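Chemist: quick one, what's the 3D model for this:
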Amino acid sequence: MSGANLAKPATLGTDGVLIPRVWSAATLGLALVTVALAILVVVTHLPKGLGAVACVALAGLLGWYGITRRGAARMAGLAGAVLLLAGAIVLSITWGYVLEDLLLLAAAAATLAAARRAFKPRARLPQAQAPSHPVLFYNPKSGGGKAAKFHLAEEARRRGIEPIELTPGEDLEALVRTTVQGGADALAMAGGDGSQAIVAMVAAELDLPYACIPAGTRNHFALDLGVDRDDVVGALDAFVTGGERRVDLADVNGRVFVNNVSLGLYAEAVAQPGYREAKLHTLLEAVPDALGPDARAPSLHWRDAANDQSAAAILISNNAYRLGRALGSGTRPRLDQAVLGVTVLAPNVPGAGTSAHRLAMQQWTAPTFEIDADGPVAAGIDGESLQLSPPLMFRVRPGALRARIAPQHPGASPSALEPDTPWRVAQALVHNVLHGPETVGPR
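Modeler: Numbers count the residues shown, from 1 in each chain. Below is the predicted model of the structure:
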């Protein structure tokens, strides 16, 4: 590591002791209210409420039937699902259950919101040495024109950062390398995650500090990195008074990505010419081919310790996503665990006890992963559609990137401190109330 890196390790905690204790106590109280309301709803809904529950369950089945079919069968399935959902609402109104249901939903939402506040992270990153010639590359069209909206170029100059605007068709990687040859000693990118990956790749290769400026549409990398996505201008302070942490990158066949690579169902839909104009329609049209009764055999293959496996859709991520959880779903708690996250969706996963055409999910982590295919593979790499030639070789690059983060930003993923099971959440909340939140590290 260079002299700009920090002698003290980064630690991870919350903002003080009192506030997390208050939010933890509030979460526990709201959870008890939610459980009480749930019991009340069950008791008052029986036996009439079973009709509404049955309508919702049948609506789910018919909805899945419609999605995996085409033509008249699809229309009939989706129409039936809508009618059954409407019937469930009518039954609830007729039997006077609406108020209880709304109160239960409100209590559950309030409990989750309080829990997120109780586990809101704050990374303690000792201040890093400010670079002498930092450069900001920005896409003026990204995020609906956020660069102009927030006057990023002017704000960058105020902080001693040279702004460089990207023009249509310009080779970003070549521009970044030329700028470094001209004396730039720190790199920032204001744009989508695909552009972030290019600048991060060069910064990692040359061991330069990098700052992610959340001026894209979704800013997934910024979220998991701990950059406040609502503070676009403040993110520039990463090169003024910011701290530094090492995070991983990953690549597929040598191409770096910061978030994930999607293969199969979703990637094939994104690759269709009409996707941007009709996203939902294009995605629905791809589902029957992968999951319908006449679905073609999956074309993506890999080998585990015992057998050859295949899947309709695969997501390979730079560190693992937390999926299917009430807290932190869709985020990566860590970006420094030196692993790839592998998520597989398949109509039938051997050994999982599922039947054909029923969607099942498996998740695991590995430092490397190899996928073979029958031909060129459609891939969505950090949201950009590409074609890759098999075999696809994935690997993680541990601690490759020196990420700078503004001191007022969290500096860690919103799920970094959130336990991954309800029981552990309850234990952590009780501990917070009785003893105060813990500080962990290094991160």
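Chemist: residues contacting L172?
Modeler: The contact partners of L172, taken as CB atoms under 8 Å, 6 or more residues apart in numbering, are 137, 166, 195, 198-199. C-beta: built from backbone N, CA, C; applies to glycine.
Chemist: what's the closest of the residues you listed to T368?
Modeler: I198 (22.5 Å; CB to CB).
Chemist: in a helix, that closest one, correct?
Modeler: Yes - under DSSP: H, G, I helix; E, B strand; the rest coil, I198 falls within a helix.
Chemist: quick check: it touching V176?
Modeler: Yes - when contacts are counted by CB atoms under 8 Å, I198 is listed as touching V176 (7.0 Å).
Chemist: quick one, which of the two is more surrounded?
Modeler: Legend: neighbour count by other CB atoms under 10 Å for I198 and V176, higher for V176 (24 against 21).
Chemist: give me phi/psi at that one?
Modeler: phi -60, psi -40 (degrees, to the nearest 10).
Chemist: can you lay out the contacts of L172 as JSON lines showing pLDDT?
Modeler: Output for the contacts of L172, formatted as JSON lines (pLDDT from 0 to 100):
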{"residue": "F137", "pLDDT": "98"}
{"residue": "L166", "pLDDT": "95"}
{"residue": "S195", "pLDDT": "95"}
{"residue": "I198", "pLDDT": "97"}
{"residue": "V199", "pLDDT": "98"}
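Chemist: which among these end up buried?
Modeler: Neighbour-count burial within the contacts of L172 applies to 137, 166, 195, 198-199; the criterion is 16 or more other CB atoms under 10 Å.
Chemist: got TSV for the residues you listed, with distance to A416 too?
Modeler: Listed next are the buried ones among the contacts of L172 as TSV, based on distance: CB to CB, whole Å:
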residue	distance to A416
F137	28
L166	32
S195	25
I198	26
V199	24
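Chemist: and which of the residues you listed is nearest I93?
Modeler: Nearest to I93 among these: S195, at 49.4 Å, using CB to CB.
Chemist: okay, H151 and A238: tell me how far apart.
Modeler: The gap separating H151 from A238 is 18 Å, by CB to CB, to the nearest Å.
Chemist: of those two, who's got more company?
Modeler: The neighbour comparison of H151 against A238 (other CB under 10 Å) goes to A238, with 29 against 13.
Chemist: I'd guessed A186 sits against A211; true?
Modeler: Yes - applying CB under 8 Å as the test, A186 and A211 come out as touching, 7.3 Å apart.
Chemist: show me which of these two is the more surrounded one.
Modeler: Legend: neighbour count by other CB under 10 Å for A186 and A211, higher for A211 (31 against 24).
Chemist: doesn't the more buried one lie inside a strand?
Modeler: Yes - according to three-state DSSP, A211 belongs to a strand.
Chemist: and it, what does it touch?
Modeler: When contacts are counted by CB under 8 Å, 6+ apart, A211 touches 134, 186-189, 235-236, 238-239, 242, 403-405.
Chemist: can you check the pLDDT for it?
Modeler: On the pLDDT scale, A211 is placed at 98.
Chemist: so what's it bridging to?
Modeler: Applying DSSP bridges to A211 gives these bridge partners: A188.
Chemist: just give the nearest non-adjacent residue to L323, would you?
Modeler: S329 (6.0 Å; CB to CB, 6 or more residues apart in numbering).
Chemist: surely the one you found touches R322?
Modeler: Yes - the pair formed by S329 and R322 meets the contact definition of CB under 8 Å, at 6.0 Å.
Chemist: show me which of the two is the more surrounded one.
Modeler: R322 (19 against 12).
Chemist: circling back to that earlier point, what helix or strand does the residue nearest to L323 sit in?
Modeler: Using DSSP states H and E, S329 maps to neither a helix nor a strand.
Chemist: any idea how far it lies from L112?
Modeler: As judged by CB to CB, S329 and L112 stand 11 Å apart.
Chemist: repeat for D231
Modeler: From D231 to L112 the distance is 23 Å (CB to CB).
Chemist: likewise R402?
Modeler: Note on R402: its distance to L112, by CB to CB, is 34 Å.
Chemist: list the residues that are in contact with both of A186 and A211.
Modeler: Residues touching both A186 and A211 (CB under 8 Å, 6+ apart): 134, 239, 404.
Chemist: how much space separates the closest residue to the second one other than its chain neighbours from D193?
Modeler: Looking back up the chat, that one is F239. Spatial nearest neighbour of F239, chain neighbours left out: P134 (4.3 Å); criterion: CB to CB, 6+ apart. Using CB to CB, P134 is found at 21 Å from D193.
Chemist: which stretches in the stretch 101-250 of the chain count as strands?
Modeler: Using DSSP state E, counting those that start in this stretch, the strands of the stretch 101-250 of the chain run over residues 122-124, 134-138, 162-165, 186-190, 209-213, 243-252.
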